[in-house]
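Colleague: Sequence plus the predicted model coming up.
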Amino acid sequence: MIYVKDMGYQFVNVGGFEADRPEGTGDYLFLFFRCPTEVCLKGRYELIPENTYIIYEKGAPQVYRKLDGHYINDWIHFDIVPYQNFFENLDIPLNTPIRLKDTKEIEKLTSDMLLEYFTIREDREKMLHHEAQTLFHRFAQIYHESIGEDKIRIKHFPAFDKLRRHILNFEYQPQNGVEQIAEDMKMSRSYLQHLYKKFFGVSISNDLINARLEQARKLLDTTQYSISEIAEILQYDNIEHFSRQFKSKYGMSPRTYRDKQNISKKAQNIKF
C-alpha cells in the first residue's frame, strides 16, 4: 500500500529554498525540480537542470538548494507498506537525478493526484494508492524508454552525423537514393528514415533534394553548363522535374536565376 502523506504541485518558494535533511524525512520523497537546483550528491553540490526528478528513499539525505530567485517544484511525501522492493522491481534508481524524454504525462498524473489528495471521501486513501501506483509504473516505463533512446543515439548518431555532412556537402549522392543509403548503412529504409528525422528534425529525402539543388545553384553560378546538362549531371530524369524543384526552393527557374546572376556580375564589373 502506498500512503501519500503530503504533496505539492508547481509549488513556489519565493526568494529561493534550502533543504538540509541529513537523515531524510522518515518517508520517501518524489521530487520534480522545475528550475535549475544545486543537489548534494556524494558529498558535493552539483547543479542539475530544470525538469529533473529525484526519488529519495527513506532515510537518505535530502540536501538541495536554490539560493537565488524562486524555487519551483512538485513533491510527494509517501510511504510504502510493505515495501517489497517496489522501486527495485520497477528498476528505477533512487537518490539519483533522472531526466525523462517527456515530463508532461507525469506532471498530469501528479496534478490529478493533488486533486484527489484534497478530496474528502471515505475511499480517498485507496484512490491515492492507485493513482500513486499508476504514476510510478508510468514513470518507470518512460524512464526506460528514455534510456533506450539514449543508447540508440550513442550507437547511431556519429554515423548519421557523418552521413548528413556528406549529403549536405554533396559528397554522397547515391543513384538509388534512400534505398541505397539504407543498404550502405545496413538497416531498413523505414528505420533509417525514422532515425534521421529523429536526430535532425528533417527527412533524409529533403536533405538529399536540398543538397542537390544547392549544387545546381553552384553550377549555375560557376560553370557554363547548360540547364539540361546540369539536370543530367545531377541525375534528374528530365529538365522539367529539375526546373520545378529549383523554382520551389529558390522562387525562380534555373534560367531566370542564371540570367539574374549574370546581370549582377556585369554590374559589378562596370567601373565608374
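Modeller: Here it is on my side, so go on. Numbers count the residues shown, from 1 in each chain.
Colleague: just the helices in the stretch 1-150 of the chain please.
Modeller: Along the stretch 1-150 of the chain, counting by DSSP state H, counting those that start in this stretch, helices occupy 86-90, 104-117, 124-168.
Colleague: Using CSV, list the CA coordinates for the first one.
Modeller: Going back to what we said before, that points to helix 86-90. In CSV, the C-alpha atoms belonging to helix 86-90 read as follows (Å, rounded to 0.1, in the frame of the first residue of the first chain):
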residue,chain,number,x,y,z
PHE,A,86,8.9,-1.7,-5.0
PHE,A,87,11.3,0.6,-6.9
GLU,A,88,13.9,-2.2,-7.4
ASN,A,89,11.2,-4.2,-9.2
LEU,A,90,10.5,-1.2,-11.4
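Colleague: That one packs against which elements?
Modeller: If contacts are counted by 3 or more Cβ pairs under 8 Å, 6 or more residues apart in numbering; DSSP states H and E, helix 86-90 sits against helix 124-168. (Each C-beta comes from the backbone N, C-alpha and C, glycine too.)
Colleague: Residue 68 versus residue 38, what's the distance?
Modeller: With distances taken as Cβ to Cβ, to the nearest Å, residue 38 is found 11 Å from residue 68.
Colleague: When those two are compared, which one has more neighbours?
Modeller: Using other Cβ atoms under 10 Å, the more surrounded residue of residue 38 and residue 68 is residue 38, with 16 against 8.
Colleague: Who are the contact partners of the residue lying closest to that one once chain neighbours are set aside?
Modeller: Computed as Cβ to Cβ, 6 or more residues apart in numbering, the closest residue to residue 38 that is not its neighbour in sequence is residue 45, at 4.4 Å. Going by Cβ atoms under 8 Å, 6 or more residues apart in numbering, residue 45 touches 38, 39, 65.
Colleague: Mind naming the longest strand for the chain?
Modeller: In the chain, with assignment by DSSP state E, the single longest strand is strand 2-13.
Colleague: That strand - contacts with which helices or strands?
Modeller: In terms of contacts (3+ Cβ pairs under 8 Å, 6+ apart), strand 2-13 is packed against strand 71-80, helix 104-117, helix 124-168.
Colleague: Burial-wise, tell me which of those comes out on top.
Modeller: Counting by mean count of other Cβ atoms under 10 Å, strand 71-80 has the highest mean neighbour count of those, with a mean of 20.
Colleague: list the helices and strands it packs on?
Modeller: Strand 71-80 packs on strand 2-13, strand 28-33, helix 104-117, going by 3+ Cβ pairs under 8 Å, 6+ apart.
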